[in-house]
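*Asks:* heads up, no residue letters with this:
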């Protein structure tokens, strides 16, 4: 039992560096673990505007560091997750959100998989039905005649 | 016979799609080269909106400034975020010098030290009427700045009419001057 506990704790220790990813130094983190988790969750959805394909939690750019600080300040000040997100969008636009919000311009983006599936189903349905029709078509008069002639021989 | 044309049509469909997509990508690439398309561009939502609340501490030889002072101006002002550690800002300096005879330029030293900024202005000339210090970069975040240099045209009353997130070029300066007429 003690051995299993040891293995468990050992593995937990190994995973620790993975959990504490983007942050450069521990003093950046909030003391309240629930708040810190919220901050990390929000930060993971915000684009670092310098590196652009990384979240501010992952990036070590100066601006990302400043934005991480702002996120934590706002959470400490009592903002909920949505308010923090809105604060960022007000200043940097929807571009700062790593997942684009659902709007009229992004509707095609969000519906593309469903649209593709529907189009695929329609195409498959039409072609399959046609194929079935061709297979089940009865022999024409001439064909029947030729067939009976062949059978006679 | 009809079946064959249909099959041909279906065969050519993927090629046609690929050709259209390729054309689109080619247009994007040539746009990047010509400079009228930038996939990394950040469209600042602050455009055509009032300036945000801010206050800047003094940066010699100026005394700093705040939102109210900028709002009360009766002439347009060009706000220019710069830093002594920023090489593109250095290349932009000659353009700002030329511009300073057409419009008053107020500088915001972004994440910089007083001494470094003073040295920078001594070495390269000072195109700024007023200069403020944004030590921690918080004023930059309020304006939606993602890097230096960035310039904003502020009209009397404090509405931002134009934004340029790169070092000013001959073309962008002409656009700016046409807005002043």
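*Replies:* That came through fine. Only a predicted model underlies this, so the values are computations on that prediction, with no experimental measurement involved.

*Asks:* count of neighbours near the closest residue to chain B within chain A?
*Replies:* Of all residues in chain A, residue A:49 sits closest to chain B, at 3.8 Å by CB to the nearest CB. The way it works is simple: take the backbone N, C-alpha and C, and place the C-beta from them, glycine included. Other residues near residue A:49 number 22, with proximity taken as other CB atoms under 10 Å in any protein chain shown.

*Asks:* contact partners for it?
*Replies:* Neighbouring residues of residue A:49 by CB atoms under 8 Å, 6 or more residues apart in numbering or on different chains: A:63, A:92, A:95-96, B:42, B:146-147.

*Asks:* which phi and psi does the residue nearest the centre of chain A have?
*Replies:* Closest to where the C-alpha atoms of chain A average out (CA atoms, centre = their mean) is residue A:99, at 7.5 Å. Residue A:99 adopts backbone torsions of phi -110, psi 120, taken as degrees, to the nearest 10.

*Asks:* hang on, isn't it packed against residue A:46?
*Replies:* No: using CB atoms under 8 Å, residue A:99 is not in contact with residue A:46, being 10.3 Å away.

*Asks:* got a pLDDT number for residue 125?
*Replies:* Just going to use chain A. Per-residue pLDDT puts residue A:125 at 92.

*Asks:* ah, no, chain B please
*Replies:* At residue B:125, pLDDT is 93.

*Asks:* quick check: the closest residue to it other than its chain neighbours vs residue B:34, distance?
*Replies:* Closest residue to residue B:125 apart from its sequence neighbours, by CB to CB, 6 or more residues apart in numbering or on different chains: residue B:97 at 5.8 Å. Distance from residue B:97 to residue B:34, counting by CB to CB, to the nearest Å: 28 Å.

*Asks:* these two: which has the busier surroundings?
*Replies:* Set residue B:97 next to residue B:34 and count neighbours by other CB under 10 Å: residue B:97 wins out with 14 against 8.

*Asks:* what separates the helix or strand containing the more buried one from the chain centre, distance-wise?
*Replies:* Assessed by DSSP states H and E, residue B:97 sits inside helix B:87-99. Distance of helix B:87-99 from its chain centroid, counting by CA atoms, centre = their mean, to the nearest Å, is 13 Å.

*Asks:* can you give me the buried ones in the very next helix or strand once past that helix?
*Replies:* Next helix or strand after helix B:87-99 toward the C-terminus (DSSP H and E): strand B:104-110. Going by neighbour count (16 or more other CB atoms under 10 Å in any protein chain shown), the buried part of strand B:104-110 is B:105-110.
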